[in-house]
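Peer 1: No sequence on hand, only this structure:
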């Protein structure tokens with residue numbers, strides 16, 4: 001920022017020196033009016049009008065950018081809210097999935113126990129049948 005100030009001061013000094021070295025009187029025509037004024041005054045006034053024009057355009061640009069920043073900030077805030085809602089939905093879904101996985105694990109355990117019990121019962125039934133066959137054969 002300070003470099004801009006230094007550059008502006010240097011430019012101002014150069015314009016002023018140029019205007020002083022060209023101090024002759026000139027005729028200036030503006031629409032239907034003609035005037036005899038110093039060339040230095042014409043240069044300085046033209047430079048000031050140019051500077052004011054640049055400042056005005058810069059102000060309009062900054063106002064527009066400020067509005068865009070404000071709109072984008074609102075959009076970011078809305079999107080962050082959507083992200084938070086979706087994160088919560090994902091968290092809830094993950095919790096439900098975890099609960100269902102635990103339930104499936106529990107049911108798998110029960111099924112394994114029932115199959116083991118069934119196989120033991122089948123084995124006992126087979127042994128009992130074999131014993132009754134042996135007793136019947138003797």
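Peer 2: Thanks, I have the structure now. Worth saying up front: this structure is predicted, and the values here are computed from it rather than measured. Residues are numbered from 1 along each chain as shown.
Peer 1: how far away is residue 100 from residue 93?
Peer 2: Here the criterion is C-beta to C-beta, to the nearest Å. By it, residue 100 lies 10 Å from residue 93. For glycine as for every other residue, the C-beta is placed from the backbone atoms N, C-alpha and C.
Peer 1: what comes up buried for the helix or strand harbouring residue 3?
Peer 2: Under the criterion of DSSP states H and E, residue 3 resides in helix 2-21. Residues of helix 2-21 classed as buried under the neighbour-count rule (16 or more other C-beta atoms under 10 Å) are 15, 19.
Peer 1: Run through the neighbouring helices and strands of that helix.
Peer 2: The contact analysis (3 or more C-beta pairs under 8 Å, 6 or more residues apart in numbering; DSSP states H and E) places helix 2-21 against helix 39-137.
Peer 1: what angle separates the helix it packs on from helix 2-21?
Peer 2: 160 degrees (axes from the mean of the first three to the mean of the last three C-alpha atoms, to 10 degrees).
Peer 1: Next, find the distance separating residue 83 from residue 74.
Peer 2: On the measure of C-beta to C-beta, residue 83 and residue 74 end up 15 Å apart.
Peer 1: Please read the previous query as pertaining to residue 97.
Peer 2: Residue 97 is 35 Å from residue 74, by C-beta to C-beta.
Peer 1: which other residues reach stretch 15-35?
Peer 2: Identification of contacts with stretch 15-35 by C-beta atoms under 8 Å, 6 or more residues apart in numbering yields 36-44, 47.
Peer 1: could you redo the last one with a cut-off of 6 Å?
Peer 2: With C-beta atoms under 6 Å, 6 or more residues apart in numbering as the test, stretch 15-35 has contacts from 36-40, 43-44, 47.
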